[in-house]
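Asks: need a structure here:
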Amino acid sequence: MGAKHVPVNRVNAVVHEDPKNYRQAMRDPRANKWKQVIKEELDALEQNGTWRVAKKPPGTKCLLTKWVFKLKTHADGTIERYKARLVARGDEQEYGVDYTFTFSAVLEMVSGKVVLVVSRIWNIPARHGDVPNAYVKANKETELIFILLIPQGMEFTEEQLRALGVTSKYELVLILEKGLYGLKQSGRLWNYLLHGILVSLGFQQCYTDSCFTSRARETA
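Replies: Numbering: from 1, shown residues only. Modelled structure (predicted):
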């Protein structure tokens with residue numbers, strides 16, 4: 001069926017504009033939905049041990065954060081789910097102070113083709129997967145300290161503030177314990193973590209493609 005003959009009722013003409021920042025999300029008619037996913041994102045990061053909350057040390061350089069919002073839709077344009085991701089402002093990082101290496105290896109295209117060819121020859125299904133929130137699973141470099149200002153939408157009770165010895169959330173900061181989306185080195189840290197896991201499972205790294213690992217399995 002040519003593009004000129006596609007029935008109108010089969011075309012997704014619904015356009016949902018994603019909020020560009022926290023302020024827009026809070027002014028959006030669906031603000032309550034955005035608040036809900038913001039809370040879910042913060043709860044997930046806290047449960048992951050991504051940071052610890054502390055009183056802001058005097059004269060401390062802090063990185064800003066920002067929210068990235070995305071509406072996932074079905075084929076017919078109806079909303080499937082709301083997504084909010086907290087990212088660090090990596091553009092504020094200073095080379096030699098906040099990061100050194102940023103390289104993150106990528107699988108060579110020829111390696112991917114080899115996998116597909118072998119899959120076809122041996123009649124073994126080729127599968128792919130995704131690791132949710134991959135970057136925040138990796139530990140940060142021990143020699144670097146990242147301190148974030150409290151993100152927009154993160155709230156504390158009066159009891160929590162008293163326990164931390166402050167009267168306002170603006171006297172607090174987040175000290176990172178793990179990687180976070182937006183940091184320049186996050187991709188490399190995740191790659192390092194994944195490589196360690198694969199090696200521990202008996203996989204061997206290819207000499208010509210650091211992203212290609214394999215494990216021989218004995219057959220009866």
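Asks: now the helices for this structure?
Replies: Assigned by DSSP state H, the chain shows helices spanning 22-27, 31-47, 109-122, 158-163, 186-200.
Asks: Turn those helices into TSV, including mean neighbour count, distance to C211 and mean pLDDT.
Replies: Quick note: C-beta positions are derived from backbone N, CA and C, even for glycine. Converted to TSV, the helices of the chain look like this (neighbours: other C-beta atoms under 10 Å; distance: least, C-beta to C-beta, whole Å; pLDDT from 0 to 100):
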stretch	mean neighbour count	distance to C211	mean pLDDT
helix 22-27	15	35	96
helix 31-47	15	27	96
helix 109-122	11	7	93
helix 158-163	11	43	95
helix 186-200	16	8	90
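Asks: I175: which of these is closest?
Replies: Taking C-beta to C-beta, helix 31-47 is the member of these nearest to I175, at 12.8 Å.
Asks: was I right about V131 contacting K137?
Replies: Yes: using C-beta atoms under 8 Å, V131 is in contact with K137, at 7.3 Å.
Asks: the more surrounded of these two?
Replies: K137 (18 against 10; other C-beta atoms under 10 Å).
Asks: Let's see the pLDDT reported for that one.
Replies: Here, the pLDDT recorded for K137 equals 88.
Asks: for T219, same thing?
Replies: Listed pLDDT for T219 reads 66.
Asks: hey, where'd the strands end up in the protein?
Replies: With DSSP state E, the ranges of strands along the chain come out as 51-55, 65-73, 79-88, 147-149, 172-176, 204-205, 213-214.
Asks: now the ones you listed in JSON lines, with distance to N191?
Replies: Below are the strands of the chain laid out as JSON lines (distance: least, C-beta to C-beta, whole Å):
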{"stretch": "strand 51-55", "distance to N191": "22"}
{"stretch": "strand 65-73", "distance to N191": "22"}
{"stretch": "strand 79-88", "distance to N191": "18"}
{"stretch": "strand 147-149", "distance to N191": "23"}
{"stretch": "strand 172-176", "distance to N191": "18"}
{"stretch": "strand 204-205", "distance to N191": "12"}
{"stretch": "strand 213-214", "distance to N191": "12"}
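Asks: and the gap between D43 and G153?
Replies: Separation of D43 from G153 (C-beta to C-beta, to the nearest Å): 12 Å.
Asks: ditto for A25
Replies: A25 is 9 Å from G153, where distance means C-beta to C-beta.
Asks: Also G187?
Replies: 26 Å.
Asks: do Y207 as well
Replies: For Y207 relative to G153 (C-beta to C-beta), the value is 47 Å.
Asks: Check A44 too.
Replies: 14 Å.
Asks: One more: V53?
Replies: 15 Å.
Asks: now K33
Replies: 13 Å.
Asks: Quick one: residues contacting the residue lying closest to G165 once chain neighbours are set aside.
Replies: Distances taken as C-beta to C-beta, 6 or more residues apart in numbering place K55 nearest to G165, at 5.8 Å, with adjacent residues excluded. When contacts are counted by C-beta atoms under 8 Å, 6 or more residues apart in numbering, K55 touches L164, G165, V166, E171, L172, V173.
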